[in-house]
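Colleague: What follows is a predicted protein model with its sequence.
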Amino acid sequence: MGVSPTGGDGSGVTVAGNRIYISLYNGNKIVAYNFIPTSSEQLPDFAVGSPDLDTNTLDSVGFITNPVIETDGKSLFVPSDFDGKLSVWKNLPDENGASPDFIYGLGMSPWDSELFKNKLILAGKEKVYIWNSLPLNGELPDIKFERNIGNVTFNEIRGVAMDDKYFYLADANKIYVWKGIPEKNTNPKFIIDALGATRLSSDGKYLVVAATEAPSDEMIKIYKIDELSSSSKPVLIRSKSFWFNLPQAVLAFEG
């Protein structure tokens, strides 16, 4: 019996006789072929740990893969880029297994989100969705940007933030900065070079940046908002006694 190594976010495979078993990491099941498949289009013959090939048993318990969490202290908003959904609880859940009041099928893959003064913003890949008031009753977004804003064309948006002064998006080692929410044809006020920039956060005084795949001494960047310009250089959090291992997010809060 041979076993292939399982990646941290991948699938494991084992073969017993002529039968091949494949673990589906995010599908919460194992699928099996009675014989070694001869085509990439060939479906497995049965599933283990699930009633059929199509059922993900995590769905029945409300499991959310890759959640990003936003709250105004009253309601809860949890987007996921994995399945392109937004789960909304009108009231903060206070018990195990509390189901959301709404689940949106977004048609986008939100990697980052922002809740600012009753606005909810989701951003990922080449799309940005904005609700001008919190969507507590199934409302659709008020603003949608797809592919570009002004002269900026997006490929892989990984971060979004907003404060009283600016609106920020991170994509392709750049942070694009607009004065307030832009119109479709508005060019950014600043474009800041920021190696590996992903999720963003602002408290109105500081813009902080997680750079997940940057070199270890450049993974957390801090900018003073009052000093922002296209030539801004960040303060980098560095230490000889520790280093960050793939930080996914960083939060600025009251300085």
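Modeller: Sure thing, it's come through.
Colleague: Pull the residues that contact stretch 129-142.
Modeller: 72, 75, 77, 86, 88, 90, 101-102, 104, 106, 108, 110, 115, 118-123, 143-144, 181 (CB atoms under 8 Å, 6 or more residues apart in numbering). Glycine gets a C-beta too; all of them are placed from N, C-alpha and C.
Colleague: Export that stretch to PDB, keeping only CA atoms.
Modeller: Below are the C-alpha coordinates for stretch 129-142, written out as PDB (Å, rounded to 0.1, in the frame of the first residue of the first chain):
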ATOM      1  CA  TYR A 129     -18.900  45.200  -3.200                       C
ATOM      2  CA  ILE A 130     -20.100  48.100  -0.900                       C
ATOM      3  CA  TRP A 131     -23.300  48.300   1.100                       C
ATOM      4  CA  ASN A 132     -24.100  51.900   2.300                       C
ATOM      5  CA  SER A 133     -26.000  50.500   5.200                       C
ATOM      6  CA  LEU A 134     -25.600  47.100   6.900                       C
ATOM      7  CA  PRO A 135     -27.400  44.300   5.000                       C
ATOM      8  CA  LEU A 136     -29.600  43.000   7.800                       C
ATOM      9  CA  ASN A 137     -32.600  42.100   5.600                       C
ATOM     10  CA  GLY A 138     -31.100  40.500   2.500                       C
ATOM     11  CA  GLU A 139     -30.200  43.800   0.700                       C
ATOM     12  CA  LEU A 140     -28.000  43.700  -2.400                       C
ATOM     13  CA  PRO A 141     -24.800  45.800  -2.500                       C
ATOM     14  CA  ASP A 142     -25.300  49.500  -3.400                       C
END
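Colleague: What are the buried residues along it?
Modeller: The neighbour-count criterion (16 or more other CB atoms under 10 Å) identifies 129, 130, 131, 134, 135, 136, 141 as the buried residues of stretch 129-142.
Colleague: Please name the strands paired to the host helix or strand of the second one in the sheet, noting orientation.
Modeller: Spelled out, it's residue 130. Using DSSP states H and E, residue 130 maps to strand 127-131. Each strand that pairs with strand 127-131, with its direction, by DSSP bridges: strand 119-124 (antiparallel), strand 143-146 (antiparallel).
Colleague: Could you check how far it is from the centre of its chain?
Modeller: Distance of strand 127-131 from the chain centroid (CA atoms, centre = their mean, to the nearest Å) equals 13 Å.
Colleague: Stretch 44-55 too?
Modeller: 28 Å.
Colleague: rewinding a little: just the buried residues of stretch 129-142 now: which is nearest residue 254?
Modeller: Relative to residue 254, the closest of the buried residues of stretch 129-142 is residue 134; by CB to CB it sits at 21.9 Å.
Colleague: From residue 109, how far off is the closest one?
Modeller: 21 Å (CB to CB, to the nearest Å).
Colleague: repeat for residue 85
Modeller: As judged by CB to CB, residue 85 and residue 109 stand 10 Å apart.
Colleague: ditto for residue 120
Modeller: Noted for residue 120: a distance of 16 Å to residue 109, by CB to CB.
Colleague: if you count what's nearby, which of these two comes out ahead?
Modeller: A count of neighbours by other CB atoms under 10 Å puts residue 120 above the other of residue 120 and residue 109, at 25 against 20.
Colleague: Let me know the distance separating the nearest residue to the more buried one once chain neighbours are set aside from residue 170.
Modeller: Counting by CB to CB, 6 or more residues apart in numbering, residue 120 lies nearest to residue 131, which is 4.4 Å off, once chain neighbours are set aside. Going from residue 131 to residue 170 by CB to CB gives 20 Å.
Colleague: Equivalent analysis for residue 153, please.
Modeller: Using CB to CB, we find residue 153 at a distance of 14 Å from residue 170.
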